[in-house]
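In: The following comprises the amino acid sequence and a computationally predicted model.
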Amino acid sequence: MLAALPKKNQNVFGKANYNYMENQFVVTRKRIANKLQNPRIMQIHFHTFRHWKATMEYHKTRDILHIMNLLGHRNIESTLVYTQLISFESDEYYSAVAKTVDEARKLLEEGFEYVCQKDDIMLFRKRK
């Protein structure tokens with residue numbers, strides 16, 4: 001995506017270089033940590049966002065090859081580092097059935113995910 005941007009000069013973000021961006025991030029991070037009185041915010045780095053995105057995508061898709069492709073890794077071993085952040089849940093589910101659109105909407109609001117439809121019945125599930 002970055003390669004598709006118009007190139008007016010060598011830097012992707014104009015005159016801002018990495019050191020400038022990092023400095024701005026550090027200043028902003030300190031300000032937020034002080035404002036919220038949460039020193040753990042100081043532990044957040046640029047790479048933390050990469051781990052977070054990979055973890056969330058894996059949680060949604062459970063597809064390690066998708067994550068490998070997303071991160072641009074050539075070796076699956078590099079990608080497996082990101083899955084260590086995840087506490088693997090059991091594969092046990094609560095199941096529910098909806099016959100009308102209103103019932104389906106209520107189940108979705110309760111955190112159930114749509115699985116499939118059989119005849120005129122919609123099947124939903126939610127992790128225990």
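Out: That came in fine, so what should we check first? Residues are numbered from 1 along each chain as shown.
In: center of the chain, which residue is that?
Out: In the chain, the residue lying closest to the centroid (C-alpha atoms, centre = their mean) is Met56, at 3.0 Å.
In: Where does that one fall, secondary structure wise?
Out: helix 46-61 (DSSP states H and E).
In: Need the pLDDT of Arg40.
Out: The score at Arg40 is 93. That number is its pLDDT.
In: what about it, how many neighbours?
Out: Counted by other C-beta atoms under 10 Å, the residues lying close to Arg40 total 8. Placement of C-beta: from N, CA and C, glycine included.
In: Look at the nearest residue to it once chain neighbours are set aside and give its secondary structure.
Out: Counting by C-beta to C-beta, 6 or more residues apart in numbering, the nearest residue to Arg40 once its immediate chain neighbours are dropped is Ala33, at 7.9 Å. Following DSSP: H, G, I helix; E, B strand; the rest coil, the label given to Ala33 is helix.
In: Check the spacing between the residue nearest to the centre of the chain and Val27 real quick.
Out: Using C-beta to C-beta, to the nearest Å, we find Met56 at a distance of 27 Å from Val27.
In: Ala3 too?
Out: For Ala3 relative to Val27 (C-beta to C-beta), the value is 29 Å.
In: who has more neighbours, the two?
Out: Legend: neighbour count by other C-beta under 10 Å for Ala3 and Val27, higher for Val27 (10 against 6).
In: how close does that one get to Ala16?
Out: Here Val27 is placed at a distance of 14 Å from Ala16 (C-beta to C-beta).
In: What of Ile32?
Out: 20 Å.
In: and Ala98, how many residues sit next to it?
Out: Neighbours of Ala98 using other C-beta under 10 Å come to 19.
In: oh sorry, the question was meant for Leu71
Out: 16.
In: got it, and Leu70?
Out: Neighbour tally, Leu70, other C-beta under 10 Å: 17.
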